[in-house]
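>>> Structure for this input, please:
(2 chains)
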Protein chains: 2
Amino acid sequence: MRIAIVLFDGITILDAIGPYQVLSRVPGAEVRFVAPAKGRVVDQNRLLHLEVEHDLAETVGTDILLVPGGPGVQRLLKNRAVLDNVIRLDADCTWTTSVCTGSLVLAAAGLLAGRRATTHWNAVPALEMHGAAYAAERWVVDGKYVTAAGVSAGIDMALWLADELAGPDSAKAIQLSIEYDPAPPFDAGTPSKAGEGITAALRKAMEGRNKDWE
Amino acid sequence: MRIAIVLFDGITILDAIGPYQVLSRVPGAEVRFVAPAKGRVVDQNRLLHLEVEHDLAETVGTDILLVPGGPGVQRLLKNRAVLDNVIRLDADCTWTTSVCTGSLVLAAAGLLAGRRATTHWNAVPALEMHGAAYAAERWVVDGKYVTAAGVSAGIDMALWLADELAGPDSAKAIQLSIEYDPAPPFDAGTPSKAGEGITAALRKAMEGRNKDWE
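Sure thing, here's the model as predicted:
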């Protein structure tokens, strides 16, 4: 079972690494990291440097495609070759998936037209602009398209997918292996839980982060 | 505020990336990834390739040290230069922290002698062998030493630390930015929740993973 995880400059790296840590442990999984171009990729903070050995164009016949998000998505949306490769790979996929603003890439490629999907809470208008029907859920399944909400939601989505691929005992064993028994010290993971003040300030900060990657 | 996150061959990469995604967003944070030697580092699956620009020996005066875990820890435990650098860096740290089996490194360096600490559920005897007093908590604070349980626990610990460093509003904003409102499809994140059968099989699989990195 071939799984391609897309890496790109400006990625929010936890979007990719959460699902990677889960999916790489599914029995029979063969994970490949792929980038728009081979070589060095930097994350949104320009602090983490990854060396990617495969590019999208040379990748064929993947069973699962996962597109993470991050401010660098803005560049992917303008990159016709990336969108065309996503469309090409999707044609062979059993599951086409995204985390966070990665769903904007699927939507811009035309794959989510009229479909239920989710994204980071701060990117809902952009998702709708690309023709998807936003659903406020942790992850959303519509046919073979599975989209997760912001960043950490990719872990939950990947455990759901692990169950689909290998059954509940495998999914539970993976959850146990990463000791995923979450206990955050605050309950502030959604705009309504964090409150208006924190949400408004964060929206502004995220605009700045996006500008960094225009 | 200088934060050093240790990367090494055989790392469980989510151990590092979960806290990184949180701590890099603390106001004033300057994160540096450091490795035993500069250059290429591979994760425990040998699938993710990281280029690390700094080594432990050249790193001085960090405020926070974070040691992740993974099967590659076994090699760190035998590497006297790594342990000596951890001892040297700890002397200047405000917080010395670990995720998963990273606590074995702190313990082997003698930093947790007689202290309460935690680790991955499958590494408890090893932690105790190195002189720490195991506490079955999501993360454990003893003086300036903060140790998190397995893999995903690093996210929870980092949010606690974000509060200590910058206050609750900053910590909540970070939690919101990564939309950390966990909703795993199963409740199997601890041995007692996953059950004996799954736990026993996983213990065996993890032995194999460790052998890969002896």
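>>> Tell me how many other residues crowd A:Ile198.
Using other CB atoms under 10 Å in any protein chain shown, A:Ile198 is surrounded by 22 other residues. The C-beta positions use only the backbone N, C-alpha and C, and glycine is treated the same way.
>>> got a list of what it touches?
A:Ile198 is in contact with A:188, B:169, B:172-173, B:176, counting by CB atoms under 8 Å, 6 or more residues apart in numbering or on different chains.
>>> Which positions in whichever strand or helix holds it come out as buried?
Using DSSP states H and E, A:Ile198 sits in helix A:196-211. Neighbour counts using 16 or more other CB atoms under 10 Å in any protein chain shown place A:198-199, A:202, A:209-210 of helix A:196-211 among the buried residues.
>>> swap in stretch A:48-65?
Buried, per 16+ other CB under 10 Å, within stretch A:48-65: A:48, A:50-52, A:56, A:59, A:62-65.
>>> Pull the most distant pair out of the residues you listed.
A:Leu48 and A:Asp63 (27.2 Å; CB to CB).
>>> thinking A:Val99 is in contact with A:Leu66, fair?
Yes. Under the criterion of CB atoms under 8 Å, A:Val99 makes contact with A:Leu66 at 7.0 Å.
>>> quick one, which of these two is more surrounded?
Higher neighbour count among A:Val99 and A:Leu66: A:Val99, with 35 against 29, using other CB under 10 Å.
>>> one step back: could you save the buried residues of helix A:196-211 as TSV and add columns showing pLDDT and distance to B:Val82?
Putting these into TSV (pLDDT from 0 to 100; distance: CB to CB, whole Å) gives the following:
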residue	pLDDT	distance to B:Val82
A:Ile198	97	39
A:Thr199	97	42
A:Leu202	95	38
A:Arg209	83	34
A:Asn210	84	39
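>>> Of the residues you listed, which is the nearest to A:Ser103?
Of all the buried residues of helix A:196-211, A:Ser103 sits closest to A:Asn210, with 15.8 Å by CB to CB.
>>> my guess is the closest one contacts A:Gln74, does it?
Yes. Between A:Asn210 and A:Gln74 there is a contact at 6.3 Å, judged by CB under 8 Å.
>>> if we can go back for a sec, taking the contacts of A:Ile198 together, which two end up most distant?
Counting by CB to CB, the most remote pair of the contacts of A:Ile198 is B:Asp169 and B:Leu176, 10.4 Å apart.
>>> neighbour count winner among those two?
B:Leu176 (26 against 16).
>>> Look up the closest residue to the more buried one, ignoring the ones flanking it.
In this structure, B:Leu176 finds its nearest non-sequential neighbour in A:Ala194, 4.3 Å apart by CB to CB, 6 or more residues apart in numbering or on different chains.
>>> Over to A:His130?
A:Ala107 (3.4 Å).
>>> Backbone torsions only: list them for the one you found.
Backbone geometry at A:Ala107, expressed as degrees, to the nearest 10, gives phi -70, psi -40.
>>> how about it, what does it touch?
A:113, A:117, A:127, A:130-132.
>>> Out of the residues you listed, which sit inside strands?
Secondary structure of those is defined by DSSP state E; positions in strands are A:Ala117.
>>> Quick check: bridge partners of the most centrally placed residue in chain A?
The residue lying closest to the centre of chain A (CA atoms, centre = their mean) is A:Val99, at 2.2 Å. Per DSSP bridges, the residues bridged to A:Val99 are A:Ala148.
>>> From A:Leu176, how far out is it?
22 Å (CB to CB, to the nearest Å).
>>> now do A:Asp169
Taking CB to CB, one finds A:Asp169 at 10 Å from A:Leu176.
>>> Looks like A:Thr62 contacts A:Ala91 (just checking).
No. Applying CB under 8 Å, one finds A:Thr62 not in contact with A:Ala91, separated by 10.5 Å.
>>> ranges for the helices of chain A?
Remark: helices assigned in chain A by DSSP state H are A:13-23, A:73-77, A:80-90, A:102-108, A:124-129, A:153-166, A:168-177, A:191-194, A:196-211.
>>> that older thread, of the buried residues of stretch A:48-65, which is the nearest to B:Val6?
Once CB to CB is applied, the member of the buried residues of stretch A:48-65 that ends up nearest B:Val6 is A:Leu48, at 13.5 Å.
>>> Skipping its backbone neighbours, what lies nearest the closest one in space?
Nearest residue to A:Leu48, sequence neighbours excluded (CB to CB, 6+ apart): A:Ile13, at 5.7 Å.
>>> show me the contacts for the one you found.
A:Ile13 makes contact with A:43-44, A:48, A:68, A:70, B:17, B:20-21, according to CB under 8 Å, 6+ apart.
>>> before we move on, the earlier item: contacting residues for the residue nearest to the centre of chain A?
Contacts for A:Val99 (CB under 8 Å, 6+ apart) come out as A:15-16, A:18-19, A:66-69, A:147-148, A:151, A:153-154, A:157.
>>> Any part of stretch A:91-98 near chain B?
No. Applying CB under 8 Å from any CB of the partner chain, one finds stretch A:91-98 separated from chain B by no less than 13.6 Å.
>>> Give me the distance from stretch A:55-70 to the chain's centre.
Here the centre of stretch A:55-70 is set off from its chain's centre by 11 Å, with CA atoms, centre = their mean, to the nearest Å.
>>> near chain B, anything from that stretch?
No. Applying CB under 8 Å from any CB, one finds stretch A:55-70 separated from chain B by no less than 10.5 Å.
>>> Start and end of that stretch, how far apart?
For stretch A:55-70, the first-to-last residue distance is 19 Å (CA to CA, to the nearest Å).
>>> And the average pLDDT for that stretch is what?
When pLDDT is averaged along stretch A:55-70, the result is 97.
>>> Repeat that for stretch A:11-29.
Taken as a whole, stretch A:11-29 has an average pLDDT of 98.
>>> gap between that stretch and the chain center?
With CA atoms, centre = their mean, you get 10 Å for stretch A:11-29.
>>> buried ones in that stretch?
A:11-26, A:29.
>>> Cool, thanks, talk later.
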